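Undergrad: Structure for this input, please:
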Amino acid sequence: MPSRRTHIAPRSARGSLTAALTALREEFEVPDDFPADVLTEAETAAASGPAEAALDLRDVPFVTLDPPGSRDLDQAFHIERSGHGFVLRYAIADVPAFVRPGGAVDAEARRRGQTLYLPDGTVPLHPPVLSEDRASLLPGAERTAYVWTIPVDEHGLSGFEGSAAGPARVERAVIRSRSRLDYVSAQRDLDAETAEEPLLRLREFGRLRIEQELRRGGASLNLPDEEIVRDAHGYRIERRSPLAVEDWNAQLSLLAGMVAARMMLDGGIGILRTMPAAEESALSEFRGRVAALGLPWDEAVDYGDYLRSVPRGTTQGMAVLHAASSLFRGADYTVFGVRGQDGAPIAPPERPEQAAIAAPYAHVTAPLRRLVDRWGLVICASLCAETPVPEWAVASLADLPALMRASSSRAGRLGAAALDRIEAALLHDRVGEALPATVLEVRGSRTRLQIEDPPVTALGPAETPAGGALKAGANTGVRVLRADVPSGEIELTIA
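TA: As a prediction, this is how the structure comes out:
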């Protein structure tokens, strides 16, 4: 199991931190609750239930796998052996059945764009009566879902990737999840070799898909997570590396998203999650930076292979991964197959790939928590059934990129501002102290520094008091001059 370190904000800063987080909600106009008409419509939809699905998959033993305590369960999976390969069935919450196009719930979801996970509470995309109850794939409950059926061969390759495994499809079905698994318990059981068949199949399937990711040139940073947690003792930051079972589980969503993208491109209508490849100038700069860190990138080695070879848990490795994050930029949503606001038809993109995945990709696996997935699901299901895409989806498809950009921007800025204030609270009682740190990046007269304990990332000067220049990857010491919780501002000097 990966190490987990907990750092709790001191009692002296808790009052100002609570006030600062409340002020952030007001500054970013984060809604406190859902309007009455939205709640009423959601309760009516939950009570009436979805239209009956033609396919009955209640005998398939689906399970869910999520963080401990989750109730907004978007996905359930079942993996079975088929000849020399596998068949993945991946059930996705049937949100379209509960959201009336043009209704109050739909309008509010478009305003929100996505679920916000904030230190002082979650702000859901849909009312909890849907997202945590009626539409969620809770264990033991009959639910309609969009079920992806994806055969793969013995190497983990699906039909759209050139294997003879057979075509994939998605269709609405009635399912019943058997169990709600969580990452921590699942990894513990796998490590102890006491896991049951669903997790054993997931491990085997996930490893095959990771091998395929390597072969096609996909790249993943897998940086340590910094989770902000609130409990009876206040706010704290937990820092940990992702569990292996999380990576295997993520491969299911990646595969479904890649299949969805190919369906949309072949069908001539859809919305992709795109990201351009890094510019040659950026790659050249990155090569220079990692060479200076003592971890040169051989030109004969693929970018993804290089990142996987970087030693985690070292100062140089941390600096390399931080530098690599600058190459993962420009992600966007790209629509095609409909008319734009100017009335002209929108053609598929010339380069439809998501560069980090090294394949075309679409968001279709988290409709409870992300707006765009609702459209992707109904488009792919219509293409598979060879029926017209619903008019509401066609008419509003071109609106989605702007809605998702605005939502992602707000979520990113709000999350960063909240983290700044948590980090300032962690250093509130450390003003005047000297703390060990690592130089992540040097940009002109400023450096980005990673304090190890508590885990705080902040800017500082690029020179020592004696005038010596700092270099990325170097170990140094910093002295905390100021840590202002209301603004999240931290001032450091090199010790």
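
Undergrad: And the average pLDDT for stretch 396-415 is what?
TA: The average pLDDT within stretch 396-415 is 96.

Undergrad: Pull the distance from that stretch to the chain's centre.
TA: 14 Å (Cα atoms, centre = their mean, to the nearest Å).

Undergrad: cool, and stretch 469-477?
TA: How far stretch 469-477 lies from its chain's middle: 31 Å, per Cα atoms, centre = their mean.

Undergrad: Name the residues of it that come out as buried.
TA: Using 16 or more other Cβ atoms under 10 Å as the test for burial, stretch 469-477 gives Leu470, Ala472, Gly473, Ala474, Thr476. C-beta here means a position set from N, CA and C on the backbone, and glycine is covered the same way.

Undergrad: and the second one, what helix or strand is that in?
TA: Ala472 belongs to no helix or strand when elements are defined using DSSP states H and E.

Undergrad: Quick check: pLDDT value at it.
TA: With respect to pLDDT, Ala472 scores 85.

Undergrad: Trp392: how many residues sit nearby?
TA: Here the number of neighbours of Trp392 (other Cβ atoms under 10 Å) works out to 15.

Undergrad: Grab the nearest non-local neighbour of it.
TA: Using Cβ to Cβ, 6 or more residues apart in numbering and skipping residues adjacent in sequence, the residue nearest Trp392 is Pro101, 3.6 Å away.

Undergrad: can I assume that neighbour is in contact with Val378?
TA: No: Pro101 lies out of contact with Val378 (Cβ atoms under 8 Å); the separation is 9.9 Å.

Undergrad: Which residue of those two possesses the greater neighbour count?
TA: It is Val378, of Pro101 and Val378, that has more neighbours when counted by other Cβ under 10 Å, with 22 against 16.

Undergrad: list the contacts for the residue nearest to Trp392?
TA: Pro390, Trp392, Ala393, Ser396 (Cβ atoms under 8 Å, 6 or more residues apart in numbering).

Undergrad: would you say it is within a strand?
TA: No: using DSSP: H, G, I helix; E, B strand; the rest coil, the secondary structure at Pro101 is coil, not a strand.

Undergrad: Report the buried residues of stretch 456-473.
TA: Under the neighbour-count criterion of 16+ other Cβ under 10 Å, stretch 456-473 has Val456, Thr457, Ala458, Gly460, Ala462, Leu470, Ala472, Gly473 buried.

Undergrad: OK, contacts around the fifth one?
TA: With contact set as Cβ under 8 Å, 6+ apart, Ala462 has these partners: Val442, Arg443, Gly444, Ser445, Arg446, Thr447, Ala469, Leu470.

Undergrad: Check what pLDDT it gets.
TA: pLDDT, Ala462: 89.

Undergrad: Give me the most central residue, the chain.
TA: Central residue of the chain (Cα atoms, centre = their mean): Ala250, 9.2 Å from the mean position.

Undergrad: Now the buried members of the contacts of Ala462.
TA: For these, a burial check counting by 16+ other Cβ under 10 Å picks out Val442, Thr447, Leu470.

Undergrad: In strands only, show me those residues.
TA: Those of the buried ones among the contacts of Ala462 mapping onto strands are Val442, Thr447, per DSSP state E.

Undergrad: would you turn the buried ones among the contacts of Ala462 into CSV with distance to Asp37?
TA: Shown next, in CSV, are the buried ones among the contacts of Ala462 (distance: Cβ to Cβ, whole Å):
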residue, distance to Asp37
Val442, 53
Thr447, 51
Leu470, 56
